[in-house]
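Engineer: Predicted model follows, preceded by the sequence.
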Amino acid sequence: MVTGANTGIGFEIARHLAMKGARVLLACREEQRAERAMDRIRTAVPGADLAFVELDLADLASVAGAVDRARREDRLDLLVNNAGVMMPPLSHATAGAELQFAVNHLGHFALTLPLVAKLAEGRDTRVVIQSSIAHRRGRITFDNLDAAKGYDRTRFYAQSKLANPLFAFELHRRLEAAGSPVRSMACHPGIAASELTRHIRGGALVQPVMGWALNTAEQGALPALQAATDPDAKGGDYFGPYGFREIRGSRSARAHAMPQARDPVCSARLWDVSEAMTGVTLAL
């Protein structure tokens, strides 16, 4: 299952998995856009085994519905938490949290934990969480997750992207301690062309330039695909483009996560806060 699979990097992740014969669940907000994406994949991969899963990460009821839908599959081997939103005007979602924190982290937190038991039934099972080089400047402001004390869209984006590896690595620690076969790891796409720029002024004009000068969406998908399929990938790994400062690259490799992304104290606190805000807990 790939979240945000109807466009950009998520679409490329889904397309490449389908090319290798995987059954792929495209977890997206809008069925029509998902259907168009599936038509495009089937044009390139006739007979591709694809299905739509309705998922609005800003809505916990929708997340719970997506969990129920995924549980009806014969098995689930891979969950790629790719969907995201970047630098929108201030708005709120899950538990009153600012939208970027709610969608990029809390929604995926609430999706992942209930699916761990299902994943444990699969083969070589993994959770892959998409972060960003923006995590490098991120800090979790636990006393302002609702932005009541001020909102800077860039800082809140960096905060949400720091929450991604914090969650991935804390999940790895808990799975490993419990002896679970499920592995959790994180990745980032460098700077790649995607619809994430839609809230940035001139974003539609910037996308083609990004794809030419930096990474295309297909190149941006490579770290997630490596995390998803590399037989040598381990729980707690972090992948990114193999190129200058991990900004671009036509290959993927293990990447550098900032020290704050591996802070066990912060990650444990984030886990507790996320449980309280979503009402979701991990049962192993």
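Structural biologist: That came in fine, so what should we check first? Residues are numbered from 1 along each chain as shown.
Engineer: burial of Ala95, as a residue count?
Structural biologist: When neighbours are counted by other CB atoms under 10 Å, Ala95 registers 18. Glycine gets a C-beta too; all of them are placed from N, C-alpha and C.
Engineer: any low-confidence regions in the stretch 101-250 of the chain?
Structural biologist: For the stretch 101-250 of the chain, the stretches with pLDDT under 70 are 194-213.
Engineer: change it to 50
Structural biologist: 197, 199, 202-203, 205-207, 209-212 (pLDDT under 50).
Engineer: where along it do the helices fall?
Structural biologist: Taking DSSP state H, counting those that start in this stretch as the criterion, the stretch 101-250 of the chain contains helices spanning 108-112, 116-119, 153-177, 203-213, 217-229.
Engineer: so can I have TSV of those helices showing distance to Arg75 and mean neighbour count?
Structural biologist: Shown next, in TSV, are those (distance: least, CB to CB, whole Å; neighbours: other CB atoms under 10 Å):
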stretch	distance to Arg75	mean neighbour count
helix 108-112	16	26
helix 116-119	8	20
helix 153-177	18	23
helix 203-213	35	13
helix 217-229	15	25
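Engineer: out of those helices, which comes closest to Met185?
Structural biologist: Closest to Met185 of the helices of the stretch 101-250 of the chain, according to CB to CB: helix 217-229, at 4.9 Å.
Engineer: so what does that closest one touch, helix or strand wise?
Structural biologist: Where contact means 3 or more CB pairs under 8 Å, 6 or more residues apart in numbering; DSSP states H and E, helix 217-229 is packed against helix 8-19, strand 78-81, strand 126-130, strand 183-187, strand 238-241, strand 252-254.
Engineer: quick one, that helix and helix 8-19 angle?
Structural biologist: 60 degrees (axes from the mean of the first three to the mean of the last three CA atoms, to 10 degrees).
Engineer: how many neighbours does the closest residue to Gly190 other than its chain neighbours have?
Structural biologist: Once flanking residues are discounted, Gly190 sits nearest to Pro241: 3.9 Å by CB to CB, 6 or more residues apart in numbering. Using other CB under 10 Å, Pro241 has 28 neighbouring residues.
Engineer: hang on, Pro241 packs against Arg254?
Structural biologist: No - with contact defined as CB atoms under 8 Å, Pro241 does not reach Arg254; the gap is 11.3 Å.
Engineer: coming back round to it: now the helices and strands packed on helix 217-229 as TSV including distance to Ala95?
Structural biologist: Output for the helices and strands packed on helix 217-229, formatted as TSV (distance: least, CB to CB, whole Å):
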stretch	distance to Ala95
helix 8-19	25
strand 78-81	18
strand 126-130	20
strand 183-187	23
strand 238-241	28
strand 252-254	34
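Engineer: Nearest to Phe156 among these would be which one?
Structural biologist: strand 126-130 (17.1 Å).
Engineer: partners of that closest one in the sheet?
Structural biologist: Note on strand 126-130: by DSSP bridges, its sheet partners are strand 78-81 (parallel), strand 183-187 (parallel).
Engineer: Adding mean neighbour count and distance to Gly96, write the ones you listed out as JSON lines.
Structural biologist: Formatted as JSON lines, the strands paired with strand 126-130 follow (neighbours: other CB atoms under 10 Å; distance: least, CB to CB, whole Å):
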{"stretch": "strand 78-81", "mean neighbour count": "27", "distance to Gly96": "22"}
{"stretch": "strand 183-187", "mean neighbour count": "28", "distance to Gly96": "26"}
